[in-house]
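> Quick check, what structure comes out for this input:
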Amino acid sequence: MDHFSRIRRSAALISAVAATLLALATPASAQESFRLGIVTFLSGPAADSFGVPARNGAQYVIDQLNKGSAPSPYEKVGFGGMKIEPVIIDENGGATKQVQELRNLYQRDNVDVVLGYIGSGDCLAVAPIAEELKKMLVLMDCGTPRIFEEAKYNYVFRTAAHATMDNVGLIRYMKAKNVKMDTLSAINQDYAWGQDSRADFVAAAGQLYPNAKLEIDLLPKFGAGQYGTEISALVGAGSDVVYSSLWGGDLQAFVLQSAPRGLPKRSQLVFSAADHVLPPLGDKMPDGTIIGARGAYGLMSQKSPLNDWLFKGYEAANGIYPVQAAYRMTQAILGLKAAVEKAMAKNGGKKPSTDELVAAMTGLEWPSPGGLIQMKLADGHQAIQPIAFSRTKYNPDSKRVDLVDIEYFAAECVNPPPGVKSLDWIKGGMQGAKCN
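This is a model prediction of the structure:
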């Protein structure tokens, strides 16, 4: 080897060593990205009114975070300086498919965390797989209380309240507004979400409307789409109240088919999770329908810098205001950001390991556009949050449905306390509820 070759080789070696030392001394945020798997309905009957708004919410929020354009306390770029790289997957196709897709996200796509899921059946299927793989899973929606009431998880979190809040809050709203309910009928989807929602609503009615009689109790399959037989039975019963937790395309179809048959004129319609169908239904949503949004979201959200940022920014980007799915996706991403940065503050600024991230998320609290999110249930793995309810009123000037007579309920008024199963808490008189 000649003199100049030795010099070049020595220079290259010094350069490589210097690069390695620099990498070791530089915080992870300057070197790495954070790969985030996102799962939501991009096709099928749940896509238009729920899954796609969730996807749009994720895209807006991630873009804002990566540019450092979010308001305090989320103004830092990405997750602790790391740019967020989303990998978005369609939730349509059933629970078996979602189990394989979850494995693919972790093992093939090498995502750091998977965040998403709307369908309760999908959540029940994927949660044990994440636990088996020891990978962090953040459930952003899926209402069934069974996730943590029937199992204990270390790597799984849900950053939104479960459906007990929807139904306890709905009954409290009805009682506060003196809604008559001597007789009651119900129509809910025949899977975990519909079954659990129906059970919670009927149990809560038993506490605040103890003399109400349940007349018609229907459980059509998810995605049924045609409800002629069910609507005939409901119209025939003429109950004071018709309750439903239908959502997505099923709820739209039910409303469109029931109005011409006169159901809204015979019975007070109460829908626990309906704000997301207001934009597509427009004037087809009967005035006076009582609805919830699974939180203080959308047209029922309260003014704050965070809410202005989401509501106005999402509307400008998509030409339509955000509904519950976009809010739930946003609060999940912001919660994960808060957990990443909490973990990095403890480990010297390095990209956190899964176990460091799990420790940071457990019991975490963070502000969101829909209010304060608190991981207070299931040993710090299940969120509680405030909620709102209202009545619908179509506005011909703006050509959209307005929400009026809004009432808000604190998180600890409508969620069970730690260590108590939801249905047991309701049937026991909702002891310990803090309602001001």
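> any idea how far residue 264 is from residue 288?
Here the distance between residue 288 and residue 264 works out to 8 Å (C-beta to C-beta, to the nearest Å). Using the backbone N, CA and C atoms, a C-beta is placed for each residue, glycine as well.
> Between those two, which is the more surrounded one?
For residue 288 versus residue 264, the count of surrounding residues by other C-beta atoms under 10 Å is larger for residue 264: 17 against 13.
> Pop out the phi and psi values for that one.
Note on residue 264: its backbone torsions stand at phi -60, psi -20 [degrees, to the nearest 10].
> That one is in contact with residue 258, isn't it?
Yes. With contact taken as C-beta atoms under 8 Å, residue 264 and residue 258 are classed as touching, separated by 6.8 Å.
> what residue ranges in this structure score low on pLDDT?
Segments of the chain classed as low confidence (criterion: pLDDT under 70) are 1-31.
> cutoff 80 now
In the predicted model of the chain, residues 1-31, 436 satisfy pLDDT under 80.
> Grab the most central residue of it for me.
The structure's the chain has its C-alpha centroid closest to residue 141; by C-alpha atoms, centre = their mean the separation is 3.0 Å.
> now the helices for the stretch 51-200 of the chain?
When secondary structure is read from DSSP state H, counting those that start in this stretch, the stretch 51-200 of the chain shows helices at 52-67, 95-107, 120-133, 146-149, 164-176, 192-208.
> Tell me how many other residues surround residue 425.
When counting by other C-beta under 10 Å, one arrives at 21 neighbours for residue 425.
> correction: residue 335
Summarising burial for residue 335: neighbours were counted as other C-beta under 10 Å, giving 25.
> just the one 3 residues further on next, same as before
A count of neighbours around residue 338, defined by other C-beta under 10 Å, yields 21.
> Apart from its chain neighbours, what residue comes closest to it?
residue 366 (4.3 Å; C-beta to C-beta, 6 or more residues apart in numbering).
> Tell me which other helices or strands the helix or strand hosting that neighbour touches.
Using DSSP states H and E, the secondary-structure element containing residue 366 is strand 365-368. Other elements packing on strand 365-368 under the criterion 3 or more C-beta pairs under 8 Å, 6 or more residues apart in numbering; DSSP states H and E are helix 324-347, strand 371-377.
> Helix or strand next in line after the shortest one, which one?
The reference is to strand 371-377. With DSSP H and E, the next secondary element past strand 371-377 is strand 382-384.
> Go through that next one and flag the buried ones.
Within strand 382-384, the residues that qualify as buried by neighbour count (16 or more other C-beta atoms under 10 Å) are 382, 383, 384.
> which residues are contacting that strand?
147-148, 157-162, 165, 335, 373-377, 411-412, 415 (C-beta atoms under 8 Å, 6 or more residues apart in numbering).
> Let's see that with 7 Å instead.
148, 158-161, 373-377, 411-412, 415 (C-beta atoms under 7 Å, 6 or more residues apart in numbering).
> about what we covered before: I'd assumed residue 332 was in contact with the residue nearest to residue 338.
No. At 10.4 Å, residue 366 does not count as touching residue 332 under the criterion of C-beta atoms under 7 Å.
> out of the two, which sits in the busier spot?
Relative neighbour count places residue 332 above the other of residue 366 and residue 332, with 28 against 21, counting by other C-beta under 10 Å.
> burial count for residue 395?
Residue 395 has 11 neighbouring residues, counting by other C-beta under 10 Å.
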